[in-house]
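J.: Just need the structure, nothing else, for what follows:
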Amino acid sequence: MGPLDGVRVIELPAIGPVPFLGMMLADLGAEVIRIDKLSTDDDPMSLLPVGPHGPMGRGRRSVGLDLRKPGASEVLLRLVESADALIEGFRPGVTERLGVGPAQALARNPKLVYGRMTGWGQDGPLAPRAGHDINYLAVSGLLHGIGAADAPPVPPANYLADFGGGAMSLAVGLLAGVLHARSTGTGQVIDAAMTDGAAYLGTMTRVFMSGDMWSDQRGANLFDGGSPNYRCYECADGKYVAVGAIEPQFWMALLATLGLDAATVGSPWDGRDWERLTKTLAETFATRTRDEWDTIFAEIDGCVAPVLTLAEAPDYPHNAARNTFTTVGTASVAAPAPRFSVTPATAAELGGALGAETITVLEDLGFSQAEINELRAASAIN
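T.: Next up, the predicted model:
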């Protein structure tokens, strides 16, 4: 029984951050009913492993529903009547055209929290335009600062905008909305734009910039690889260690372990010493392999960690001890986080086939056999 036991969420068809959010909510114990398209002919992306039927689609009941067909919108609105929340990732205006937009849904259930996830938001000049994580991150101001000083900005996979600025942002908003609805009886619409959420993640660096402690130049700041005490260094085997010795006590422990003299190598808090100090540390770390340095620093507060690959991470002793990773289907994935002491979250097994629970869910909603037959005849359900 996870912490969201008793919360019912409707998840409309999408890929990426919306299924990720549905997965999170299901892992936390919510009952998530996923609406699946009956055909993937016009959406081959839904067949990818990150689509609704891969490991990120776990833990949900699937209802096969074609929202463009007669009667389908009524099925969804009947589901909404008993739901706490709905999440969707269509472009602005799509659910309204399908007859299941916020006005229609809240008319059926005034306590509903209607979560909308888009790249650009529900309004603004770019709202109707297509985009992906890299585009949203670019406009947020964050992408410009990621990468080497003498190279183009580097997209950090699609972690920041899609999942950090999108899914995580809407998760907080959705749960806040549910709490408010349960105490007041009033639902609302949550407009989660990935570019807004990504920009929000950059709050600390913008505060630094306001205090003249951060530059818009890449690779010239404390946390972007510019500072010698907060960057990665290549080791003898071509692998890397990550150094984060920001505070003086950790810096001194780092130097002592490396056999370097603080009085002669320079200061990481003086930008004039950065180039020389970076070169010294690089030459030192290049004398041993990554795993040798990991062993040396294992019991030392020098803030040094091995840079692991995605394949290596599950077997790393600390991760293995905490069961940080688990297996869903045949995929190695991260276990649910954070940890709960009383109501632990659980990574559910993969769900059934598309629309496996359609009839069961409709019967639970009170649909008669005649109504179900009519929906089938209209090709609205599977």
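J.: okay, CA-based contacts and neighbour counts for the rest of this
T.: Will do.
J.: where along the chain do the strands fall?
T.: Along the chain, the stretches classed as strands by DSSP state E are 8-11, 31-36, 60-64, 85-88, 113-118, 188-193, 230-234, 240-244, 304-306, 325-328, 331-334.
J.: Put together CSV for the ones you listed, with distance to Ile296 and mean neighbour count on each row.
T.: Shown next, in CSV, are these (distance: least, CA to CA, whole Å; neighbours: other CA atoms under 10 Å):
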stretch, distance to Ile296, mean neighbour count
strand 8-11, 48, 24
strand 31-36, 47, 25
strand 60-64, 45, 25
strand 85-88, 48, 24
strand 113-118, 45, 26
strand 188-193, 44, 21
strand 230-234, 15, 21
strand 240-244, 12, 20
strand 304-306, 10, 21
strand 325-328, 25, 16
strand 331-334, 27, 14
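J.: Tell me which of those lies nearest to Leu179.
T.: strand 113-118 (9.8 Å; CA to CA).
J.: State the paired neighbours of that closest one in the sheet, together with their directions.
T.: Sheet partners assigned to strand 113-118 using DSSP bridges are listed as strand 85-88 (parallel), strand 188-193 (parallel).
J.: could I get these as TSV with distance to Thr360 and mean pLDDT?
T.: Shown next, in TSV, are the strands paired with strand 113-118 (distance: least, CA to CA, whole Å; pLDDT from 0 to 100):
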stretch	distance to Thr360	mean pLDDT
strand 85-88	20	98
strand 188-193	29	98
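J.: Output the strands of the chain in JSON lines; the columns should cover distance to Thr264.
T.: Formatted as JSON lines, the strands of the chain follow (distance: least, CA to CA, whole Å):
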{"stretch": "strand 8-11", "distance to Thr264": "60"}
{"stretch": "strand 31-36", "distance to Thr264": "60"}
{"stretch": "strand 60-64", "distance to Thr264": "60"}
{"stretch": "strand 85-88", "distance to Thr264": "58"}
{"stretch": "strand 113-118", "distance to Thr264": "53"}
{"stretch": "strand 188-193", "distance to Thr264": "49"}
{"stretch": "strand 230-234", "distance to Thr264": "19"}
{"stretch": "strand 240-244", "distance to Thr264": "20"}
{"stretch": "strand 304-306", "distance to Thr264": "21"}
{"stretch": "strand 325-328", "distance to Thr264": "43"}
{"stretch": "strand 331-334", "distance to Thr264": "44"}
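J.: nearest to Gly147, of these?
T.: strand 230-234 (11.5 Å).
J.: Strand 240-244 and that closest one, what's the angle between them?
T.: If you take axes from the mean of the first three to the mean of the last three CA atoms, to 10 degrees, strand 230-234 sits at 160 degrees to strand 240-244.
J.: Packing partners of strand 230-234?
T.: strand 240-244, helix 274-285 (3 or more CA pairs under 8 Å, 6 or more residues apart in numbering; DSSP states H and E).
J.: pLDDT of the longest one, averaged?
T.: For helix 274-285, mean pLDDT is 97.
J.: Tell me which other helices or strands that helix touches.
T.: In terms of contacts (3+ CA pairs under 8 Å, 6+ apart), helix 274-285 is packed against strand 230-234, helix 262-265.
J.: any idea which of the ones you listed scores lowest on pLDDT?
T.: Among the helices and strands packed on helix 274-285, helix 262-265 has the lowest mean pLDDT, at a mean of 94.
J.: Can you list the buried residues in that helix?
T.: By 16 or more other CA atoms under 10 Å, the buried positions in helix 262-265 come out as Val265.
J.: Residues contacting it, please?
T.: 252, 255, 276-277, 280 (CA atoms under 8 Å, 6 or more residues apart in numbering).
J.: Buried subset of those residues, written for ChimeraX?
T.: Applying 16+ other CA under 10 Å to the contacts of helix 262-265, the buried members can be selected in ChimeraX as follows:
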select :252,255,277
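J.: hmm, which two among the contacts of helix 262-265 are most spread apart?
T.: So, the contacts of helix 262-265 by CA to CA: farthest apart are Met252 and Arg276, at 17.3 Å.
J.: Helices of the stretch 51-200 of the chain, start to end?
T.: Secondary structure of the stretch 51-200 of the chain (DSSP state H, counting those that start in this stretch): helices at 72-81, 94-97, 102-108, 133-140, 169-184, 194-201.
J.: Buried deepest among the ones you listed, which one?
T.: Highest mean neighbour count among these (mean count of other CA atoms under 10 Å): helix 194-201, with a mean of 24.
J.: relative to strand 188-193, how tilted is that helix?
T.: Calculated by the same axes, to 10 degrees, helix 194-201 forms an angle of 80 degrees with strand 188-193.
J.: Nearest to Glu81 among the helices and strands packed on strand 230-234 would be which one?
T.: Comparing the helices and strands packed on strand 230-234 under CA to CA, the one sitting nearest is strand 240-244, at 50.5 Å.
J.: Now for Ala286: which residues touch it?
T.: By CA under 8 Å, 6+ apart, the contact set of Ala286 is 233-236.
J.: try Val18
T.: By CA under 8 Å, 6+ apart, the contact set of Val18 is 11, 87-89, 117, 167.
J.: Name the residue closest to the centre of this protein, please.
T.: Central residue of the chain (CA atoms, centre = their mean): Phe163, 2.4 Å from the mean position.
J.: separation between it and Glu292?
T.: Taking CA to CA, to the nearest Å as the criterion, Phe163 is separated from Glu292 by 34 Å.
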